[in-house]
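Colleague: Generate a structure from the sequence data that follows.
(chains A and B)
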Amino acid sequence: MTTTILQLLVAGVGTGSIYALIALGFNVVFKSTGAMNFAQGEWVVMGGMISALLFAATSNIGLACALAVVIVIMAGIASERLVIWPLRRPNTLLITLVSIGLAICTRSLVMLVLGKKPVGYPGFSQVSTLVLGGVAVQTQTLWIIGLTLAFLLAMHLFFERSMLGKALRAAAADRDAAAIVGVRVETTVMLSFAIAAFAGALAGAIITPLTLSSYDQGAMFGFKGFSAAMLGGVGSLPGAVVGGLALGLLEAFGSFYISSDFKDAIAFTVLLLILFARPSGLLGRADVIKV
Amino acid sequence: MTAPLLRTEALNCYFDGLRAVADLSFEVRPGEIKAVIGPNGAGKSTLFNMIAGVTRPTSGQIFFDGVRIDAMPTFRRARLGIARTFQNLQIFREMTVLENVMTGRHMHGRAGVIGALLHGPSLRAENRAMADAALELLARFELDGKADVVAGDLGFGQMKVLELARALASEPRLLLLDEPAAGLPQAEAEHIGKIISALNRDGMTVLLVEHNMRMVMSLSHDILVLNNGMRIAEGDADSVRRHPDVLAAYLGEAEHA
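Modeller: Numbers count the residues shown, from 1 in each chain, chains lettered A, B, ... in the order given. All right, here's what the predicted structure looks like:
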């Protein structure tokens, strides 16, 4: 009994980490533009598929994944420069709509360039399962949790400690005020796309050994990450973590105790419930304007 | 006669055919406090926004220290040395007081994107230097005790002072103050007035929009009076106060109505 629960817990935290990374991508872009970027899920797919391609070429998993992440970050930056930056009067609805177009184009490009076949590669460790206190754990799940933690810590330090991180937060809080102290707001939007692509690509690169990767998974990844972001509170970085983990755990336990057919419906149900009951999310708060 | 620090030439701004600023040429000389006053809708805010880079003029030119700036993005003007405060107070409420001022020093940072992401030692040293400079500035405004307080939790008067400190953190040459005393009780307005005049004594050039006449009259070396987007008077406090058109603009169209 406890073994089952522990097993589900580990699995839930593992998937939850992936959702947290994707949700973080949504939230970073939301912070800087006020819009939802629905191309987020495509970057996850790109991360996985490009890693697979590079692994086939180099047979070095670490190198393949690191390079893939860098390539996807470039793609994120290029996406912003090509479709967001040229908007003369960007508003949130316009950016959101454009991002849907971007998602469709990205998916088609990935399909044309990388093919329709699902691809994969082995886990990062030689040993695929460990038994810890009677619980069998996939080593890749531990990698997922560890790398996600490291990424979140780096992001936290970046936003709290570095001047660039502060400039990004400032531009997100008040574009005019940030501009007048010399912050180049357009660049902060580009940077937020780079960070979002980074988070997405990392998620894709570390989940692929467990799930394989194929060009048409982007929408589902995006949808799960979006639900996690809404659950935790849109625009909140800790919210992405809380929302991602909560969704991952709900899925793990729900699919075991109810039905695994029900797995994807759980995110949808959670999204609807949170929109009805608490639109600002678990950690979000209603905007209070103090005068 | 020294060259003006800020100069506008035949500046016009239309909104949907409505003329907000009309054919306005004026200048701000280095070291002076210049006030722009006028009834509501006179075009003061539009003028400010054109200088700061929020609004593009329909026609005309703006020069800052001889450089034409009317088509420049805001952040470039900031880097040239223009800083401002906002009429309705635009501090970064979710950041701490110290972070607000450090953001004001943003453009003096050197460590680039890579350095920031790697969180290298040069960045750490720079952060330290930035924080020290910011603390020093806060101390000057008696806000150093509040450095780690979230800005949104300050009292209104302190927020106004913080916004001023943030503007100064960029070490500007021209300070645009949009109603620095608005919403403050007289005592706190006087405190802000003292800060402004102390800054000016240290050489800061100030362009001021303000409704608090006591503040305007006591601080300004020169006053520009606008009505319906046009200059109706310009000069020192006494001459402006006695100007018949100014009296008419302020005291009422009642006689004409």
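
Colleague: From the contact counts, what lies against the helix or strand A:G248 falls within?
Modeller: In this assignment (DSSP states H and E), A:G248 forms part of helix A:237-257. The contact analysis (3 or more Cβ pairs under 8 Å, 6 or more residues apart in numbering or on different chains; DSSP states H and E) places helix A:237-257 against helix A:2-33, helix A:139-161, helix A:218-232, helix A:263-277. Placement of C-beta: from N, CA and C, glycine included.

Colleague: Return the helix or strand in chain B with minimum mean pLDDT.
Modeller: helix B:113-118 (a mean of 54; mean pLDDT, DSSP states H and E).

Colleague: Near the residue in chain A positioned nearest to chain B, how many residues? Count them for me, please.
Modeller: Nearest residue of chain A to chain B: A:G182, at 3.3 Å (Cβ to the nearest Cβ). Around A:G182 there are 27 other residues, counting by other Cβ atoms under 10 Å in any protein chain shown.

Colleague: can you confirm it is in a helix?
Modeller: No. Under DSSP: H, G, I helix; E, B strand; the rest coil, A:G182 falls outside any helix and is assigned coil.

Colleague: show me what contacts it?
Modeller: Contacts of A:G182 were listed using Cβ atoms under 8 Å, 6 or more residues apart in numbering or on different chains, and they are B:75, B:78-79, B:106-107, B:170.

Colleague: Which of these fall in helices?
Modeller: B:75, B:78-79 (DSSP state H).

Colleague: Need the three-state assignment for B:Y14.
Modeller: strand.

Colleague: give me the beta-bridge partners of it?
Modeller: B:R19 (DSSP bridges).

Colleague: What number of residues are in the vicinity of the residue in the stretch 151-257 of chain B positioned nearest to chain A?
Modeller: Closest to chain A within the stretch 151-257 of chain B is B:S170: 5.5 Å, counting by Cβ to the nearest Cβ. Around B:S170 there are 23 other residues, counting by other Cβ under 10 Å.

Colleague: just A:A52 next, same as before
Modeller: That count, for A:A52 with other Cβ under 10 Å as the rule, works out to 25.

Colleague: buried set for the host helix or strand of it?
Modeller: According to DSSP H and E, A:A52 maps onto helix A:40-58. For helix A:40-58, the neighbour count (16 or more other Cβ atoms under 10 Å in any protein chain shown) marks A:40-55 as buried.

Colleague: For that helix, name the packing helices and strands.
Modeller: helix A:2-33, helix A:61-79, helix A:92-114, helix A:185-211, helix A:218-232.

Colleague: what's the closest of these to B:L138?
Modeller: With Cβ to Cβ as the criterion, B:L138 lies closest to helix A:185-211 of those, at 24.8 Å.

Colleague: is chain B contacted by that closest one?
Modeller: Yes. Applying Cβ under 8 Å from any Cβ of the partner chain, one finds helix A:185-211 touching chain B at A:185, A:191.

Colleague: Which residue is the nearest non-sequential neighbour of B:L168?
Modeller: Once flanking residues are discounted, B:L168 sits nearest to B:L137: 6.3 Å by Cβ to Cβ, 6 or more residues apart in numbering or on different chains.

Colleague: quick one: contacts for that neighbour?
Modeller: B:L137 sits next to B:101, B:165, B:168-169 when contact means Cβ under 8 Å, 6+ apart.

Colleague: I'd like those as JSON lines, with secondary structure appended.
Modeller: As requested, the contacts of B:L137 are exported to JSON lines (three-state DSSP):
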{"residue": "B:V101", "secondary structure": "helix"}
{"residue": "B:A165", "secondary structure": "helix"}
{"residue": "B:L168", "secondary structure": "helix"}
{"residue": "B:A169", "secondary structure": "helix"}
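
Colleague: what residue ranges in the chain score low on pLDDT?
Modeller: Assuming you mean chain A. By pLDDT under 70, the low-scoring segments of chain A are A:285-291.

Colleague: Wait, chain B was what I had in mind.
Modeller: By pLDDT under 70, the weakly predicted segments of chain B are B:1, B:107-123, B:251-257.

Colleague: where do the strands sit along it?
Modeller: B:6-15, B:18-28, B:33-37, B:59-64, B:67-68, B:82-85, B:174-178, B:205-209, B:222-227, B:230-235 (DSSP state E).

Colleague: winner for burial among the ones you listed?
Modeller: Mean neighbour count (mean count of other Cβ atoms under 10 Å in any protein chain shown) peaks for strand B:82-85 among the strands of chain B, with a mean of 26.

Colleague: Say whether chain A is contacted by that strand.
Modeller: Yes. Using Cβ under 8 Å from any Cβ, strand B:82-85 reaches chain A at B:82-84.

Colleague: got it, and stretch B:46-55?
Modeller: Yes. Among the residues of stretch B:46-55, B:52-54 lie within reach of chain A under Cβ under 8 Å from any Cβ.

Colleague: Can you get me a residue count around A:G218?
Modeller: By the criterion of other Cβ under 10 Å, A:G218 has 26 neighbours.

Colleague: residues in contact with it?
Modeller: A:G218 is in contact with A:41-45, A:103, A:106-107, A:110, counting by Cβ under 8 Å, 6+ apart.

Colleague: Now with 7 Å, please.
Modeller: A:G218 sits next to A:41-42, A:44-45, A:103, A:107 when contact means Cβ atoms under 7 Å, 6 or more residues apart in numbering or on different chains.

Colleague: secondary structure class for A:S125?
Modeller: Going by three-state DSSP: A:S125 is coil.

Colleague: Now do the contacts for it.
Modeller: Going by Cβ under 7 Å, 6+ apart, A:S125 touches A:T139.

Colleague: I'd guessed A:F221 sits against A:G41; true?
Modeller: Yes. Judged on Cβ atoms under 7 Å, A:F221 makes contact with A:G41 at a distance of 3.8 Å.

Colleague: Mutual contacts of these two, please.
Modeller: Here A:F221 and A:G41 have A:I22 as joint contacts, going by Cβ under 7 Å, 6+ apart.

Colleague: tally of neighbours for residue 96?
Modeller: I went with chain A, as the question did not name one. A:T96 - counted by other Cβ under 10 Å - has 16 other residues nearby.

Colleague: Chain B, not that one
Modeller: Neighbours of B:T96 (other Cβ under 10 Å): 17.

Colleague: Also A:Q126?
Modeller: Counted with other Cβ under 10 Å, A:Q126 comes out at 7.

Colleague: now the helices and strands packed on helix A:40-58 in a markdown table, with distance to B:S59?
Modeller: Below are these laid out as a markdown table (distance: least, Cβ to Cβ, whole Å):
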| stretch | distance to B:S59 |
| --- | --- |
| helix A:2-33 | 32 |
| helix A:61-79 | 37 |
| helix A:92-114 | 29 |
| helix A:185-211 | 26 |
| helix A:218-232 | 46 |
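
Colleague: Out of the ones you listed, which is closest to A:L130?
Modeller: Closest among the helices and strands packed on helix A:40-58, using Cβ to Cβ: helix A:2-33, at 10.5 Å.

Colleague: Show me which residues of the closest one are buried.
Modeller: Under the neighbour-count criterion of 16+ other Cβ under 10 Å, helix A:2-33 has A:6-33 buried.

Colleague: just to revisit the earlier point, could I get the helices and strands packed on helix A:237-257 as CSV with distance to B:D16?
Modeller: Compiled in CSV, the helices and strands packed on helix A:237-257 are given as follows (distance: least, Cβ to Cβ, whole Å):
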stretch, distance to B:D16
helix A:2-33, 27
helix A:139-161, 41
helix A:218-232, 39
helix A:263-277, 38
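
Colleague: Okay then, goodbye and thanks.
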